[in-house]
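Engineer: Generate coordinates for the sequence data below:
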Amino acid sequence: MTPTTHSLSIRPARAVRGTLRVPGDKSISHRYVLLGAIAHGATTITNLAPGQDVAATVQAVRTLGVEVDRHGAGEIRVTGRGLAAFHPPAVPIDAANSGTTMRLLAGVLAGGPVRVTLTGDASLQRRPMQRVIEPLTAMGGRLTAAAGRPPIDIEGMPLHAIDWRMAAPSAQVKSAVLLAALAATGTTRVHEPAATRDHTERAFPAFGLALDAEDGWLAVRGGQRPIAPPRPLRAAGDPSSAAVWACAAAALPGSSVTIEGVSLNPRRLAWAGVLERMGARIEMGADAGDAGEPTGWIRVSHEAHRAATISPAEVPGLIDELPALAARAALGAGLEVSGASELRVKESDRITALVTGLRGLGVSAEERADGFAIDGTTPPSGGQADAAHDHRLVMTFALVALGARGRSVVTGADAVAVSYPDFAQDLERLTIR
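Structural biologist: Residues are numbered from 1 along each chain as shown. This next block holds a predicted model:
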């Protein structure tokens, strides 16, 4: 494999083998940084996700006057003085390519003391924000965005509690409302139609915040004062990055990969069940967790090739791992996915870009309105795939390239720095030729 700034040139491999640790989880890292920024006291975070997305959140809170100090690789200290201490920024806050930064920060700022504009890169400015603007406006917030897309102008206002039934499952929208609820009067209740990532709910108690859950509803009492945890918080390894290596090991005969220090949060491991249906052998073991987040190791090896179907009901728990599962399917299994139209409003239109890239590598793939179908009966020929400035597609196409008959080139590979800056080095280290 030959990496350049913008592309990866990858030769076929016999297998992937070895042990590794993936980067700290982005979702957890974003939440620890934002909660630390509104807490009173100093929050130390270790194993912080190293990519550009979390860096955007760190820079955002700095722009708001929060002190953030670095203490070695992956460790920061966020010194908060409460939401009321935020400073009005002199410039718009740039969320770069991070939808999580923009949506969660909108929830924090809706009830804050400042007026601010949230913006981002060209990709982020195409992503829908109305789903988060609506509940925050219903709480009394003042948020405006042309056509419901960034930039978002926010003027902090007094907020009041609401009961909000989410029309579609979204951990980011849910979290934005829960964060806004802390500054509201009364008790805010949120109902999600399907279970989504629960990192916000797990993090609240670490900051001394109470949250009640019952019958699909989450309730947060306003006026609570978050307090910095007395000991460091460690962000568990990212399960979505782990899924890439798991899919590689599941696809290539003779492969076995062990990922250590990874989150074993049950709402982040639906991909493991799908991989088992597709013929993988998976073992897991728990070790110490942090702030309610279970961690441990996952070992994955190849056993068989079996085609699979992913139903709409499964999609919310798999939304970030669907591209990696598509790569595994392309290397001998086959897969049909429906009910995944949410993929069209990610960092790229992940349905169109995924299918186009797979075809560029010689995979038989069909684009559908809300999903895709992959015929994995013929090995990919190799070729060229454009990652469309999408970090998950970089890793997906690299995985397919390992099982191709000839050399492949993945363009736009620099996008992988959003979540996994050392991906190319880990790929080289684990590859057996």
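Engineer: Give me the mean pLDDT for whichever helix or strand Trp245 is part of.
Structural biologist: Taking DSSP states H and E as the criterion, Trp245 maps to helix 239-251. For helix 239-251, mean pLDDT rounds to 98.
Engineer: Could you point out the helix or strand that follows that helix?
Structural biologist: Assigned by DSSP H and E, the successor of helix 239-251 is strand 256-263.
Engineer: Which SSE is immediately downstream of that next one?
Structural biologist: helix 270-277.
Engineer: Check which helices and strands that next one sits against.
Structural biologist: helix 239-251, strand 280-290, strand 308-310, helix 322-330 (3 or more Cβ pairs under 8 Å, 6 or more residues apart in numbering; DSSP states H and E). (Glycine included, C-beta is placed from N, CA and C.)
Engineer: So for that helix, what gets flagged as buried?
Structural biologist: Ala270, Trp271, Ala272, Val274, Leu275, Glu276 (16 or more other Cβ atoms under 10 Å).
Engineer: Report the two of those separated the most.
Structural biologist: The largest separation in the buried residues of helix 270-277, counting by Cβ to Cβ, is between Ala270 and Glu276 at 11.0 Å.
Engineer: since we're on Arg77, how many residues are nearby?
Structural biologist: Arg77 has 16 neighbours, counted by other Cβ atoms under 10 Å.
Engineer: Mind giving me the packing neighbours of the strand or helix carrying it?
Structural biologist: Using DSSP H and E, the element containing Arg77 is strand 76-81. Contacts defined by 3+ Cβ pairs under 8 Å, 6+ apart place strand 76-81 against helix 26-38, strand 40-46, strand 67-70.
Engineer: Could you point out which of these sits nearest Gly141?
Structural biologist: Among the helices and strands packed on strand 76-81, helix 26-38 sits nearest to Gly141 (Cβ to Cβ), with 15.8 Å.
Engineer: re the thing from before, which secondary structure elements does the next helix or strand after the strand holding Arg77 sit against?
Structural biologist: As assigned by DSSP H and E, the chain's next helix or strand after strand 76-81 is strand 93-94. Strand 93-94 sits against helix 52-63, strand 115-119, with contacts defined as 3+ Cβ pairs under 8 Å, 6+ apart.
Engineer: In the stretch 301-433 of the chain, where is pLDDT below threshold?
Structural biologist: By pLDDT under 70, the stretch 301-433 of the chain has no low-scoring segment.
Engineer: Count the residues that sit near Gly285.
Structural biologist: Neighbour tally, Gly285, other Cβ under 10 Å: 11.
Engineer: Once you drop chain neighbours, what's closest to Leu109?
Structural biologist: Ile154 (4.9 Å; Cβ to Cβ, 6 or more residues apart in numbering).
Engineer: Enumerate every residue touching that neighbour.
Structural biologist: Ala106, Leu109, Ala110, Arg115, Val116, Thr117, Leu118, Gly141, Arg142, Leu143 (Cβ atoms under 8 Å, 6 or more residues apart in numbering).
Engineer: Could you rerun that using 6 Å?
Structural biologist: Leu109, Val116, Leu143 (Cβ atoms under 6 Å, 6 or more residues apart in numbering).
Engineer: CSV for those, including distance to Val363?
Structural biologist: Shown next, in CSV, are the contacts of Ile154 (distance: Cβ to Cβ, whole Å):
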residue, distance to Val363
Leu109, 43
Val116, 44
Leu143, 42
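Engineer: on that earlier part again, just say helix, strand or coil for the residue nearest to Leu109.
Structural biologist: Of the three states, Ile154 takes strand under DSSP: H, G, I helix; E, B strand; the rest coil.
Engineer: Just the pLDDT at it, thanks.
Structural biologist: pLDDT, Ile154: 98.
Engineer: Then Gly292?
Structural biologist: For Gly292, pLDDT reads 88.
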